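**Q** Okay, structure incoming, though there's no sequence with it:
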């Protein structure tokens, strides 16, 4: 069955290690016949949540940025891939800001398959679990999310070092198995 796959890359640098893993996942999913869109969050205007509570009072978010378009894409997707470099054992600020802004419509992001992509200089996957738990903190607030896979891009500090790791093949294979 053909699925709509949305890849959210939060790397602050284009072609950074987590972004390269996104590209491999995308290749695998496309080769498997799925519709795939990758969004590089750095290219989008996403403001911080101000805690104004408009969305909890049934009003739309008063901020004028790219978040409404991104929320529509999340709601329409069958599969959502969330990718981040790991800084100080947690997700980067771009991803956290994005997650916080889903507040206005998070209840509509239901029945989705989720994949998480992480890259870090650390060699130890266990040290990256805090980041995975942060992603799970988000998906635990959604209705019927299904965690389908995690790609741990370990041992990659400098741009491009991820290319020499097994994570590249894992990303392609997970993309194919969507």
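**A** Good, I have the coordinates. All of these numbers come straight from a predicted model, not from anything done at the bench. Residues are numbered from 1 along each chain as shown.
**Q** give me the number of residues near the nearest residue to residue 54 once chain neighbours are set aside?
**A** If you skip the residues right next to it in sequence, residue 54 has residue 62 as its closest partner in space, 5.6 Å away by CB to CB, 6 or more residues apart in numbering. For the C-beta atoms, the positions are set from N, CA and C on the backbone; glycine is no exception. Using other CB atoms under 10 Å as the criterion, residue 62 is surrounded by 10 other residues.
**Q** just residue 37 next, same as before
**A** A count of nearby residues for residue 37, using other CB under 10 Å, gives 13.
**Q** which element is residue 115 on?
**A** If you go by DSSP states H and E, residue 115 is part of strand 113-119.
**Q** And the next helix-or-strand element following that strand, what does it pack against?
**A** Moving toward the C-terminus from strand 113-119, the next helix or strand (DSSP H and E) is helix 129-139. If you count contacts as 3 or more CB pairs under 8 Å, 6 or more residues apart in numbering; DSSP states H and E, helix 129-139 packs onto strand 79-87, strand 90-91, strand 113-119, strand 146-153.
**Q** how far does the strand holding residue 115 sit from the chain's center?
**A** Strand 113-119 sits 6 Å away from the centroid of its parent chain (CA atoms, centre = their mean, to the nearest Å).
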